[in-house]
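Undergrad: Curious how this folds, go ahead:
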Amino acid sequence: MPGNAPSLFRQGPPGWVRLAVFATLALALMVVDARWHVLDTARHYLGVALHPFQTVMRLPRDGARQVADWLDTAERIRAEDEAESRRRIEVAQLATYAARLAEENAQLRRLIGVADDRTGAPTILVELLYEVRTQFDQRLIVNKGQQAGIRAGMPLINERGLVGQVVRAGAFNAEVALLTDRTVSVPVQVLRNGLRAIAYADSTPGKLELRYVPADAELVEGDLLVTSGLGGWYAPGVPVARVERVESDPVSGYAKVVAQPVAAIDHHRHFLVQLTDGTGLIDLESPETTEEAEAEPAPPAS
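TA: Numbering: from 1, shown residues only. Purely as a prediction, here's the structure:
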């Protein structure tokens, strides 16, 4: 029964008395400590005892700050690296453009009323995601696609020259065929004398071949080949390759010309896609189109 509760629970003073005693004791300690600082020593040792616990409790906060600082630093370094890569490629293209203008001036090929022929096409900086290379296909996958304005046919360049051509553009990435891929053909001209030709992948890995070049064409080893700009997909004046071997064939009436691409595609991760707008783009992935392009001496639109 409630009236017969054990005496254990009825011992001691009432609760309000204990509250009053503890409140008075707390006030007295506050006054004594404020006047004579008698609790400084106890506070010091209490702080020393609690320090390990405080350190452990701060670990999640400190770890989160360090991770945030690391992410900010990594993002800043990546942005600076991309900016430097873009600057290096653009400076190299400007140097090539200046050399081309000097050569044109030396050859007196300026014509009155002709629009300025420039290589300053708008560009987009892209980064290499991975590469796919087989015996027949030489492809790169880059990290930007149609949402960035990239579409099939646009050329890929680095600071040394032409790397390849976009053959397929998805929403967020694009597939690029290298110059040495069998589907790519590039309208080129000799920087020294303006001779035009078409460059294809050679049967020798890593080499280019100029097809349908007359046997008496003025070509010598060491000639620099640049894009001619015909067809509109490749901006004029971009370095493509350097002639390595010229062999005339009197029987066929053509010369076999082998060239080495100048762009070191295995040494960089960042490239520029030139936002060009060519005419008559063919399906670069179509086997029928590839066979027709190889059979006809006329240059394909790409």
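
Undergrad: Can you list the helices and strands that the helix ranked longest in the chain packs against?
TA: As assigned by DSSP state H, the longest helix anywhere in the chain is helix 40-106. Applying 3 or more Cβ pairs under 8 Å, 6 or more residues apart in numbering; DSSP states H and E, one finds that helix 40-106 makes contact with strand 123-133, strand 270-274. Quick note: C-beta positions are derived from backbone N, CA and C, even for glycine.

Undergrad: rerun at 6 Å
TA: Helices and strands touching helix 40-106, as assessed by 3 or more Cβ pairs under 6 Å, 6 or more residues apart in numbering; DSSP states H and E, are absent.

Undergrad: can you give me how far it is from the chain middle?
TA: Mean-position distance between helix 40-106 and its chain equals 18 Å (Cα atoms, centre = their mean, to the nearest Å).

Undergrad: just the angle between that helix and strand 270-274, please?
TA: 50 degrees (axes from the mean of the first three to the mean of the last three Cα atoms, to 10 degrees).

Undergrad: quick check: angle from helix 40-106 to strand 123-133?
TA: Using the same axes, to 10 degrees: helix 40-106 against strand 123-133 is 90 degrees.

Undergrad: Average pLDDT for helix 40-106, rounded please.
TA: Averaged across helix 40-106, pLDDT comes to 82.

Undergrad: Quick one: end-to-end length of stretch 172-192, please.
TA: End-to-end distance for stretch 172-192: 40 Å, by Cα to Cα, to the nearest Å.

Undergrad: which of the residues in that stretch are buried?
TA: 173-181, 183-192 (16 or more other Cβ atoms under 10 Å).

Undergrad: How about residues contacting stretch 81-91?
TA: 125, 158-159, 270, 272 (Cβ atoms under 6 Å, 6 or more residues apart in numbering).

Undergrad: picking up where we left off before, next step: the buried residues of stretch 172-192 restricted to strands.
TA: The strands, defined by DSSP state E, take in 174-178, 185-190 from those.

Undergrad: mind giving me TSV with those residues and columns for distance to R196?
TA: Output for these, formatted as TSV (distance: Cβ to Cβ, whole Å):
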residue	distance to R196
A174	28
E175	28
V176	25
A177	22
L178	22
S185	13
V186	11
P187	7
V188	7
Q189	5
V190	8
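
Undergrad: okay, now T204: neighbour count?
TA: Other residues within reach of T204, judged by other Cβ atoms under 10 Å, total 11.

Undergrad: and it, helix, strand or coil?
TA: Under DSSP: H, G, I helix; E, B strand; the rest coil, T204 falls in the coil class.

Undergrad: Residues in a beta bridge with the closest residue to it other than its chain neighbours, which ones?
TA: Once flanking residues are discounted, T204 sits nearest to V258: 7.1 Å by Cβ to Cβ, 6 or more residues apart in numbering. For V258, the beta-bridge partners are E209, R245 (DSSP bridges).

Undergrad: so who does V258 touch?
TA: Counting by Cβ under 6 Å, 6+ apart, V258 has contacts 202, 207, 209, 244-245.

Undergrad: And P187, by the same measure?
TA: P187 makes contact with 198, 228, 230-231, 299 under the criterion Cβ under 6 Å, 6+ apart.

Undergrad: make it 8 Å
TA: Shown here is P187, whose contacts under the criterion Cβ atoms under 8 Å, 6 or more residues apart in numbering are 196-199, 227-231, 234, 299.

Undergrad: Just the buried residues of these.
TA: 197-199, 227-231, 234, 299.

Undergrad: Just give me the closest of these to F53.
TA: Closest approach between those and F53, by Cβ to Cβ: Y234, at 68.5 Å.
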